[in-house]
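1. Quick one, fold the following:
(chains A, B, C and D)
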4 protein chains.
Amino acid sequence: MGNIFGHHFRVTTFGESHGPAVGAIVDGLPARLTINLADIQKDLDRRRPGQSLYASARQESDTVEILSGLTNQNMTNGSSLTMVIKNQGARSSDYVSLVDKFRPGHADYTYYKKYCLAPQPGGGRASGRETVGRVAAGAVARILLNYVTNGLLKVRAGALAIGPVMAYKTDFEFAETDPLRFLDPDGAQEAQGYVKKYMNWGDSVGATILVRAEGVPAGWGSPVFDKLEALLGGAYFSIGAVRAVEFGEGITLAKGLGSQANDPIGPKGPLEDRHGGVLGGISTGRPILARLFVRPTPSIKIPQKTVSLNGQEVEITIGGRHDPCLAPRLAPVAEAMTLLVLADCFLAPNSRVSQAVYP
Amino acid sequence: MGNIFGHHFRVTTFGESHGPAVGAIVDGLPARLTINLADIQKDLDRRRPGQSLYASARQESDTVEILSGLTNQNMTNGSSLTMVIKNQGARSSDYVSLVDKFRPGHADYTYYKKYCLAPQPGGGRASGRETVGRVAAGAVARILLNYVTNGLLKVRAGALAIGPVMAYKTDFEFAETDPLRFLDPDGAQEAQGYVKKYMNWGDSVGATILVRAEGVPAGWGSPVFDKLEALLGGAYFSIGAVRAVEFGEGITLAKGLGSQANDPIGPKGPLEDRHGGVLGGISTGRPILARLFVRPTPSIKIPQKTVSLNGQEVEITIGGRHDPCLAPRLAPVAEAMTLLVLADCFLAPNSRVSQAVYP
Amino acid sequence: MGNIFGHHFRVTTFGESHGPAVGAIVDGLPARLTINLADIQKDLDRRRPGQSLYASARQESDTVEILSGLTNQNMTNGSSLTMVIKNQGARSSDYVSLVDKFRPGHADYTYYKKYCLAPQPGGGRASGRETVGRVAAGAVARILLNYVTNGLLKVRAGALAIGPVMAYKTDFEFAETDPLRFLDPDGAQEAQGYVKKYMNWGDSVGATILVRAEGVPAGWGSPVFDKLEALLGGAYFSIGAVRAVEFGEGITLAKGLGSQANDPIGPKGPLEDRHGGVLGGISTGRPILARLFVRPTPSIKIPQKTVSLNGQEVEITIGGRHDPCLAPRLAPVAEAMTLLVLADCFLAPNSRVSQAVYP
Amino acid sequence: MGNIFGHHFRVTTFGESHGPAVGAIVDGLPARLTINLADIQKDLDRRRPGQSLYASARQESDTVEILSGLTNQNMTNGSSLTMVIKNQGARSSDYVSLVDKFRPGHADYTYYKKYCLAPQPGGGRASGRETVGRVAAGAVARILLNYVTNGLLKVRAGALAIGPVMAYKTDFEFAETDPLRFLDPDGAQEAQGYVKKYMNWGDSVGATILVRAEGVPAGWGSPVFDKLEALLGGAYFSIGAVRAVEFGEGITLAKGLGSQANDPIGPKGPLEDRHGGVLGGISTGRPILARLFVRPTPSIKIPQKTVSLNGQEVEITIGGRHDPCLAPRLAPVAEAMTLLVLADCFLAPNSRVSQAVYP
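-> Residues are numbered from 1 along each chain as shown, chains lettered A, B, ... in the order given. Predicted structure coming up:
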């Protein structure tokens, strides 16, 4: 259960941390779209571990392999597109001592309660490695949306805060070059210093991610249950470490007045961004803005209290290779989920009839 | 599109603000559950307008009528349960002057872009009146969950903040008696004073709602895309005015350290509530805690800039009967959405095989 | 469970034979479609009981009432369309003696096994009365498809056989005027004589229905699991009395050779109709042809062996008002299911990308 | 579109005839089920080509490889199970001359109309090779159902007719040993003679398949749209060559009388099988019986009229390796689709409440 996402652009992901492979199948992709594998690889590389001091040292080439869905000319053929990425760098030895203990902040305890299975090496399906399939599918969604909007639609994410270190600019170009994907060149050193300090102590650090989707035409999303925020919000909360989500200036608005909250409307739509690009669940044509509040990595080297499978209270220390801060590698996942939702909205049935639909 | 919610306990709502009726159909309800209409009515009454100084003065009896799904003994019969609530207090005259203008903060503009329809009286389907069907369906979910857990599962919501006035206690019993559903008896007067002040100026006020679900067994929810937070988060963001959602201590965690974030685990599960009752997308057995950040009512009597259907810049002032603060009437809707998600989780297929399933 | 049909044009039906009302909600209908209630009423009238010697004498006006989904100008508003048809002619006294006995050929026994509920008056949800909602929704699908194809797409059904009496012509115009909807004017008297003979003995008669959908553009339907025949076949088998379904010359082909089975292809598609208008699950542009084999009405006045709720063997005779042959009233239901599938296919996402999709 | 099957036991298949691999993902499988790969292999071997004179000579080992979903002990882990089967025996040279011509009876023409793609080698996704994924998933469903019913539930299929040669016995044990999977030992030679005669002339032969599901408990399936026959019928019609489907004695009943059609009911359910094990869409506990009418293989060596991509009328002769009769290899696919539907029904939410559900 829970491995399929979307109504029209339907993605099924698969794979566990220490299994043979991870990946995704996309059902619903229109035919005749040229898929450049390098575009998928580019997004996979952006979430790949082992790339900086601030990311897990696990080594994975994360090379995508296509099993189905393309013609000889790399054009979609209307059928299900299957992408497989082999696992190469799993090191099960790191988990030998944890196999009968529930790591705090992890899914071990609840998976045991749900499935009656002992903790799986590397967290099994609950591992962040599961997001590889999302990023691969998101890259395909990006290719589709890029094509059908002639490059106007752009989805980007970066770190708006690393722990308490805030970004005061949102420079997405810079973020791509920064090891923490921090959005503000001026604060980047401070942010890195903050992470370095705590990772040296074996601790980990939280973050806030800003997602910005530009070029989304007005009219995407639906009323009532499939509001764009509902689809996006559900998508963001499906990312393990995301613990709060805000659209536009949502938290500020909740503390303020109506006269300060409504964006005035001009001939081309709302003139400001407090609504975050959505009204009544439907896009306005302005940028969609979301903030994702990301908890610190639960795997820390500091001793923690927990219990073993047989109910004994124990203290554990988690070794292995972990991200001291999830921000840089979670940002591409946040982009992917945004892209999956937007591709789904793009493929939604026509919202109004017109005889031009069919001659 | 967008009028159906849930995978297993599937709810379709219907109805516009000024149409003949609103309501809901539930597909997937197990048979042999006794439905006491008074229980549904009780929840409908909790969101009914016209009950206090701080709620819209629109008069609606909101009496539920059952068209299908029950036996003569008011027992569910395994078929779709249809609930209809007639609209009685719509006053279209309030909307005559607005029929060709986009109200800021409302869905008028985006519905026009999506459907090419002029603003509908009372907001049409985008009206808060649409939530009547959700509350009716949520009440049925409550009856189901109450029955199958012998009354252990309880979902409650109240105002944790009215504008900047914070509650320092979470007294849900008190909130039921308070016109703003404020959770702290000590701050209730201050909260009311705050709302009164701004409503007299024609303005409106934001709020924060706390939802608390107790007695949810460990093991509900799914990995990956159908994480409990993903289902709940999507459900909460489908409520018009909700602009941010936080689980447990999510926003605080994002600013802190891993060593402060992980709830230690004891023999009966996590010992604290920073995770908000969920780990890896699956319930832990502890209370599920969510904060909903609710924007101020967009309908205000203060002049606002907008455009008319033909693109002319105009200034509008919104008359009619509106809630100065959405908190008291949104809390039952937040409960309803929580209950719909939990009923869906309860009905989800067995997560593990056992030969006892079938003799 | 099982009350929702369709992926994009999603219909939920509701209502039991002896409850207050039956009806349907349509989610996914595009906006700006003018709905003439008389068009819905016309289809409802075609399946209405009490209209001839060969139909149940139950009296129902079957007047459709709209609770939501239309603007003041009877134009769809993009929201869920709710149609309610009140039950007026139920006569529960007919079922008093049957309340604890399983009628052979009916759903009483299996509903009891599934839901642990005693037989419901009139069959409850398993009654043919449930199909009223389908016909109402099908009529809306017909309005949509008529509009978007400028009247080219036409779905019609009639009786190709009544018991052993075969039609050798397929005159759908005539069938509309015939009390048995028999397709051959030359055999109509014989067909009626056959039914009359057995209904006078308290027995009932089977039939074969031919459904013909003209004007379906090439390219509707999908590969693999959502083949057009899979969608239509599932739809037809959801009609209670349908026990076999054949597309094109399917049964004949199964007994023959490949050299006789393939329709040759010309510049405008297949030149013959053995495939029944579908190849590889996708429409060819030629008429879609399906035969539905309909069992005789299970309610007969001839004594039958069965058991009571407490397991006692008993003999029962079924009184009440029943159709001696289901053909005339089932044909509009077969049309409705065909229309629901085709509307779903029409609304399916674009099957191939084109930059024209978005400027 | 169309690559996902099922509501609860959800299968996505992938792969084209001449692509790198085919396979399936199962989402919804309960945890803690031991999967013996040999059981999957056994079903794959039953549909494998190259095994007899009467099957395509294409050579494939069809070895299943698991990419995700199992623990180290081959136990399901609650996550999506991915099965990949590499393509080894594709011979694209056979299709060089066909690349711009629509083969009659194949999906080439309609895929071109839908996707605007020229015919794909081997039929691409429309190839019978697509069914490998179904059989793999069906084998997993069989393991699940076998486990939860302690081996009582059994699904088997065999040929009831090869062209006009009828089976008068239904010996499923024998069929497993027969190259045509013919059900009657006495007619097996005649059936083979019939096929041999026409395959020597380059022609192909139709067939009728009988599917028999024993040990299905009473109460599976749903009312209205998800009737067991609707789910099974849709599933069977999703198999390319199936052109008609009959449950129980459906075609005979349509020509007969009500007094001959109703199965009498005894204390343990219906006493006969004219209904085919289903009443009102729900299983009775008796065997479910379905007949599938299978067209002859469309690939024949006899010249046929068609057109090329540019609309020119041409004559083609199809070489390559094809099954002269689809029956023996389609039977395991028919079993697989039956198993997928039944696994879906098994996993459906509880149909009635009981406090025992939750302590």
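
2. C-alpha from now on. contacts and neighbour counts both.
-> OK.

3. how many neighbours does the residue nearest to residue A:299 when sequence neighbours are not counted have?
-> Counting by Cα to Cα, 6 or more residues apart in numbering or on different chains, the nearest residue to residue A:299 once its immediate chain neighbours are dropped is residue A:318, at 6.0 Å. Residue A:318: 19 surrounding residues under other Cα atoms under 10 Å in any protein chain shown.

4. I'd assumed residue B:226 was in contact with residue A:239.
-> No - in this structure residue A:239 lies outside contact range of residue B:226 using Cα atoms under 8 Å: 10.2 Å.

5. So if I had to pick from those two, which one is more boxed in?
-> Each of residue A:239 and residue B:226 has its neighbours counted (other Cα under 10 Å); residue A:239 has more, 26 against 23.

6. what secondary structure does the more buried one sit in?
-> Three-state call for residue A:239 (DSSP: H, G, I helix; E, B strand; the rest coil): coil.

7. residue boundaries of the helices in the stretch 151-300 of chain A?
-> Remark: helices assigned in the stretch 151-300 of chain A by DSSP state H, counting those that start in this stretch are A:172-177, A:188-200, A:228-237, A:250-254, A:258-261.

8. right, so those helices: which one is the most enclosed?
-> Using mean count of other Cα atoms under 10 Å in any protein chain shown, the stretch among those with the greatest mean number of neighbours is helix A:228-237 (a mean of 30).

9. ok, residues contacting it?
-> A:220-222, A:242-245, A:247, A:278, A:281-283, A:292, A:334, A:337-338, A:341, B:225, B:227, B:229-238 (Cα atoms under 8 Å, 6 or more residues apart in numbering or on different chains).

10. Next up, the contacts around residue A:306.
-> Residues A:101-104, A:313-316, B:264-266 are the ones in contact with residue A:306 under the rule Cα under 8 Å, 6+ apart.

11. Quick one: name whatever helix or strand follows the helix or strand it falls within.
-> Counting by DSSP states H and E, the element that carries residue A:306 is strand A:304-307. Sequence-wise, the next helix or strand beyond strand A:304-307 is strand A:313-316, with elements assigned using DSSP H and E.

12. who touches that next one?
-> A:103, A:303-308, B:266-267.

13. quick one: which of those has the most company?
-> Using other Cα under 10 Å as the contact criterion, the top neighbour count among the contacts of strand A:313-316 goes to residue A:103, which has 29 neighbours.

14. Could you export the helices of the stretch 151-300 of chain A to CSV, including columns for mean pLDDT and distance to residue B:195?
-> Formatted as CSV, the helices of the stretch 151-300 of chain A follow (pLDDT from 0 to 100; distance: least, Cα to Cα, whole Å):
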stretch, mean pLDDT, distance to residue B:195
helix A:172-177, 97, 40
helix A:188-200, 96, 40
helix A:228-237, 98, 27
helix A:250-254, 96, 13
helix A:258-261, 95, 12
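
15. Present those as a markdown table; the columns should include distance to residue C:199.
-> Written out in a markdown table, the entries for these read as follows (distance: least, Cα to Cα, whole Å):
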| stretch | distance to residue C:199 |
| --- | --- |
| helix A:172-177 | 79 |
| helix A:188-200 | 86 |
| helix A:228-237 | 56 |
| helix A:250-254 | 69 |
| helix A:258-261 | 71 |
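
16. what stretches of the stretch 201-350 of chain A score poorly on pLDDT?
-> Along the stretch 201-350 of chain A, the model assigns pLDDT under 70 to no residue.

17. tell me the SS of the nearest residue to residue A:219 once chain neighbours are set aside?
-> Using Cα to Cα, 6+ apart and skipping the chain neighbours, the partner closest in space to residue A:219 is residue B:114 (4.2 Å). In the three-state summary, residue B:114 is assigned as helix, counting by three-state DSSP.

18. Am I right that residue B:114 is in contact with residue A:351?
-> Yes - when contacts are counted by Cα under 8 Å, residue B:114 is listed as touching residue A:351 (6.5 Å).

19. Output the strand holding residue A:306 as CSV - backbone C-alpha positions only.
-> In CSV, the C-alpha atoms belonging to strand A:304-307 read as follows (Å, rounded to 0.1, in the frame of the first residue of the first chain):
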residue,chain,number,x,y,z
GLN,A,304,19.7,7.6,22.7
LYS,A,305,17.2,5.6,24.8
THR,A,306,15.1,3.0,23.2
VAL,A,307,13.9,-0.6,23.5
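
20. Kindly tell me how buried residue A:149 is, as a neighbour count.
-> When neighbours are counted by other Cα under 10 Å, residue A:149 comes out with 18.
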